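Undergrad: Below is the sequence, then the predicted model.
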Amino acid sequence: MQDAISRAITKLLRPLIRMLLRNGIPFGTFAELARWLYVDLAIKEFAIEGRKPSDSRASIITGLSRKEVHRLRNLDFDQGRDTGSRYNRAARVISAWVRRDRFHDKSGRPLELPIEHGQVTFTDLVKHFSGDVPTRAILDELVRVGAVELTEHGRVKLLTRAYVPQADVHEKLEILGTDVGDLIRTIDRNLTADPQGPLYQRKVAYDNLPFEAVVKFKKMAAEKNQQLLEEFDRFLSGCDRDLNPEMDGEGRWRAGVGIYYFDNDLGEAQKLNKERNSS
């Protein structure tokens with residue numbers, strides 16, 4: 001089991017550490033974050049039922065000294081938590097713009113919306129799908145990430161069918177953490193005997209494809225995945241209490257589906273391996 005976990009961690013961390021090195025994050029910073037997370041999870045999720053979490057308990061299961069546990073408990077790396085809320089509100093505005101007929105022209109394409117004055121406005125869109133956030137705040141956010149632009153006639157034009165920050169590396173990294181975290185939580189649950197059963201986790205991949213086929217598949221995947229996500233969005237948006245306060249039901253859950261595309265040049269990798277072995 002330990003060997004299998006070690007191999008899995010190596011595969012998981014390799015792209016992460018490549019990203020850290022590319023962004024100038026030294027090992028010491030990564031190690032401090034890892035130590036803090038060990039302690040944070042030990043305290044919050046692995047305490048003995050009926051007992052108050054303690055430094056001693058955390059020290060035992062993490063292998064860190066009680067002094068180190070106490071030091072780390074006083075740190076907080078979970079800062080800047082407004083990114084998720086900002087992401088959700090902006091994403092809801094775009095998805096409604098894409099799927100709601102009210103905001104479409106006769107051809108079914110998203111309208112260029114006046115900000116305030118008119119039968120259908122950007123303010124209407126924001127009011128119904130982003131809660132109590134001011135129109136200007138949402139507009140500035142969507143302009144900032146390259147999702148919309150203001151035309152010479154003062155209308156708001158949609159440039160993308162999804163909220164994906166184009167230039168903000170910091171926000172992309174925040175989204176990366178959320179998306180990869182969701183995937184790992186799904187895998188972790190599927191590795192355990194959860195009484196609710198496993199979660200859906202599938203992929204399709206082949207490893208001897210010509211470049212031309214990859215180009216075609218990348219385009220096909222983008223089109224079909226977008227259609228599927230918009231179908232899921234229509235269902236979930238109809239059930240979300242932020243958008244439908246009258247929705248009945250118990251509890252408060254977060255649920256969704258993440259889709260990602262991947263490819264890599266195995267021929268180039270083989271070439272590099274041969275060069276390393278011959279040197």
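TA: Nice, I can see it.
Undergrad: At which residues are the helices of this protein located?
TA: 2-22, 27-45, 55-62, 66-73, 82-99, 122-129, 135-144, 169-191, 211-237, 266-278 (DSSP state H).
Undergrad: out of the ones you listed, nearest to residue 111?
TA: Closest approach to residue 111 among the helices of the chain is made by helix 82-99 (8.2 Å; CB to CB). Placement of C-beta: from N, CA and C, glycine included.
Undergrad: Mark out where each domain of the protein begins and ends.
TA: In terms of domains, the chain is parsed into 1-79, 82-158, 171-201, 203-279 (source: automatic domain parsing).
Undergrad: In TSV, list these along with mean neighbour count and mean pLDDT.
TA: Compiled in TSV, the domains of the chain are given as follows (neighbours: other CB atoms under 10 Å; pLDDT from 0 to 100):
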stretch	mean neighbour count	mean pLDDT
domain 1-79	12	88
domain 82-158	16	86
domain 171-201	12	84
domain 203-279	10	87
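Undergrad: Just want the most central residue of the protein.
TA: Nearest to the mean C-alpha position of the chain, counting by CA atoms, centre = their mean, stands residue 179 at 2.9 Å.
Undergrad: nearest residue to it other than its sequence neighbours?
TA: Using CB to CB, 6 or more residues apart in numbering and skipping the chain neighbours, the partner closest in space to residue 179 is residue 258 (5.7 Å).
Undergrad: Verify the stated contact: that neighbour with residue 184.
TA: No. Contact between residue 258 and residue 184 fails when scored by CB atoms under 8 Å: they sit 11.3 Å apart.
Undergrad: quick one on the thing from earlier: reformat the helices of the chain as JSON lines; add distance to residue 161.
TA: JSON lines is the format used below for the helices of the chain (distance: least, CB to CB, whole Å):
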{"stretch": "helix 2-22", "distance to residue 161": "26"}
{"stretch": "helix 27-45", "distance to residue 161": "34"}
{"stretch": "helix 55-62", "distance to residue 161": "44"}
{"stretch": "helix 66-73", "distance to residue 161": "42"}
{"stretch": "helix 82-99", "distance to residue 161": "5"}
{"stretch": "helix 122-129", "distance to residue 161": "15"}
{"stretch": "helix 135-144", "distance to residue 161": "13"}
{"stretch": "helix 169-191", "distance to residue 161": "16"}
{"stretch": "helix 211-237", "distance to residue 161": "6"}
{"stretch": "helix 266-278", "distance to residue 161": "31"}
